[in-house]
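Asks: Quick one, structure for this:
(chains A and B)
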Number of protein chains: 2
Amino acid sequence: MCQVASDALRDATKALLDADLAQAELVIASDVRLDEMRSNAEKVALELLALEAPVATDLRTVVSAIWIVADLQRMGALAIHVAKAARRRHPAHVIPAEIRPIIERMGRVGVHLADQAGVVLRERDADLARRLEAEDDLMDDLQRELFATLLAPGWRHGVAPAVDIALLARFYERFADHAVSVARRVVFLVTGENVGGDTTPALVPPDR
Amino acid sequence: MCQVASDALRDATKALLDADLAQAELVIASDVRLDEMRSNAEKVALELLALEAPVATDLRTVVSAIWIVADLQRMGALAIHVAKAARRRHPAHVIPAEIRPIIERMGRVGVHLADQAGVVLRERDADLARRLEAEDDLMDDLQRELFATLLAPGWRHGVAPAVDIALLARFYERFADHAVSVARRVVFLVTGENVGGDTTPALVPPDR
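Replies: This is a model prediction of the structure:
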């Protein structure tokens, strides 16, 4: 699911920057993949809860999985929002030249966060998970830089592109938030340590 | 939690429309309440899973609760985003006069959806839950109307207010989505029927 979400954001960003309708349509059509994967993962998780009645770390693992697949599905939905912006304005370009480098970097940071969240999940690497927080700060910096450009007196593209780009920035930022949320849940699973933040539950599951 | 989220959006909308800094600060400070309520609910849910090993409808109820409290916490966070927009621009008004009636209606629809989601939860009323979908369509219509106003040739307020208002519209729309998601989970719990949609898991829990 991390790979699918990462690919979706990479392709959506490409569609956006190149005003590539075919690429945008491909991303939009991939919607169902993460829905199915989430649905299957939830089915297995509920079966495990019903049939195995796990406790302690096993219970925490299953419930974490339920949260993590929700984050990953949402990341896919946000990538599709990016692709839809490309489709809506086609054949026009949504992104003026001076904004392009920032969107490219937001795309790269988002894709890298999704990839690294996959590594964190596979390796249960809590140190790597903590480093993702710093990379998420980079996404926030890029979002601020983007807004500063939109709102500067030199902005010559008018209201409609500014509104499009502000919403796109929000989609990239939320994508990154969910990737960090995935990593945080792994930290919690591995260490029991709650790293906090808006998207993390302050969950203290019982170890009986 | 529905009541807290509903009050937060009502007060945040008031703060926004009246450029009322004290009201905005109150909403922002209420952040911790839903976090704590979610954390407590999750703790109880995990204890139930660990100690009672529920199956069938009981299991579905506990897992639904875990999803529902996540939706409700997010609704609170979105209300706080609205309050923060009011605070950021204070003492200036974020909302020009011609946009005011639309924002008022978005606020009322959001508050009503949160209230009705509470009724759905208390009464397990699947018919009422289905009617919330229609009310969510109203929110989408209001968002479209808002965007049409921002992007019309007659828009005289420039880029910065348009960007603020576009993001605010997104917060109201997402608030409504999460309220509908709460209601959908109740429908699923009561009827086993999956109403679908972006924010609903296509979950088929096992009834062994």
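
Asks: what about the helix or strand containing A:V82 and chain B, any contact?
Replies: Element membership for A:V82 (DSSP states H and E) is helix A:56-89. Yes: for helix A:56-89, a contact with chain B is found by CB under 8 Å from any CB of the partner chain, at A:A56, A:L59, A:R60, A:V63, A:I66, A:W67, A:A70, A:A77. C-beta: built from backbone N, CA, C; applies to glycine.

Asks: Got a ChimeraX select line for the buried ones in those?
Replies: In ChimeraX, this line selects whichever of the residues of helix A:56-89 next to chain B come out buried by 16 or more other CB atoms under 10 Å in any protein chain shown:
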select /A:59,60,63,66,67,70,77
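
Asks: just the strands in chain A please.
Replies: Remark: no strands are assigned in chain A by DSSP state E.

Asks: ok, now which ones touch the residue most central in space within it?
Replies: Centroid-nearest residue in chain A, with CA atoms, centre = their mean: A:F175, separated by 2.6 Å. Residues near A:F175 by CB atoms under 8 Å, 6 or more residues apart in numbering or on different chains: A:A5, A:L9, A:M75, A:L78, A:A79, A:G110, A:L113, A:A114.

Asks: Burial check on the residue in chain A that chain B sits nearest to, number of neighbours?
Replies: In chain A, the residue that lies nearest chain B is A:A53 (3.5 Å; CB to the nearest CB). By the criterion of other CB atoms under 10 Å in any protein chain shown, A:A53 has 17 neighbours.

Asks: same check, this time on A:R156
Replies: So A:R156, with other CB under 10 Å, has 9 neighbours.

Asks: still on that earlier bit, look at the residue nearest to the centre of chain A and report its pLDDT.
Replies: We have a pLDDT of 98 for A:F175.

Asks: outside of stretch A:177-184, which residues touch it?
Replies: Outside stretch A:177-184, the residues touching it (CB under 8 Å, 6+ apart) are A:2, A:5, A:67-68, A:71-72, A:74-75, A:78, A:110, A:113-114, A:116-117, A:120-121, A:128-130, A:132-133, A:136, A:195, A:197-200.

Asks: can you list the weak-confidence ranges in chain A?
Replies: Within chain A, the segments meeting pLDDT under 70 span A:193-208.

Asks: ranges for the helices of it?
Replies: Using DSSP state H, the helices of chain A run over A:2-18, A:21-29, A:31-52, A:56-89, A:100-123, A:126-151, A:159-191.

Asks: tell me what the fourth one is packed against?
Replies: Contact partners of helix A:56-89 among helices and strands, from 3 or more CB pairs under 8 Å, 6 or more residues apart in numbering or on different chains; DSSP states H and E: helix A:2-18, helix A:21-29, helix A:31-52, helix A:159-191, helix B:31-52, helix B:56-89.

Asks: starting at the chain centroid, how far to the fifth one?
Replies: On the basis of CA atoms, centre = their mean, to the nearest Å, helix B:31-52 sits 20 Å off its chain's mean C-alpha point.

Asks: Tell me the buried residues in it?
Replies: Those would be B:31, B:33-35, B:37-39, B:41-43, B:45-46, B:48-50, for helix B:31-52 by 16+ other CB under 10 Å.

Asks: Could you do stretch A:100-107 as well?
Replies: A:I102, A:I103, A:E104, A:R105, A:M106, A:G107.

Asks: could these be laid out in CSV, adding distance to B:R170?
Replies: Shown next, in CSV, are the buried residues of stretch A:100-107 (distance: CB to CB, whole Å):
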residue, distance to B:R170
A:I102, 20
A:I103, 18
A:E104, 23
A:R105, 22
A:M106, 17
A:G107, 20
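
Asks: Pick the one among those closest to A:L150.
Replies: Comparing the buried residues of stretch A:100-107 against A:L150 with CB to CB places A:I102 closest, at 10.3 Å.

Asks: Cheers, nothing more for now.
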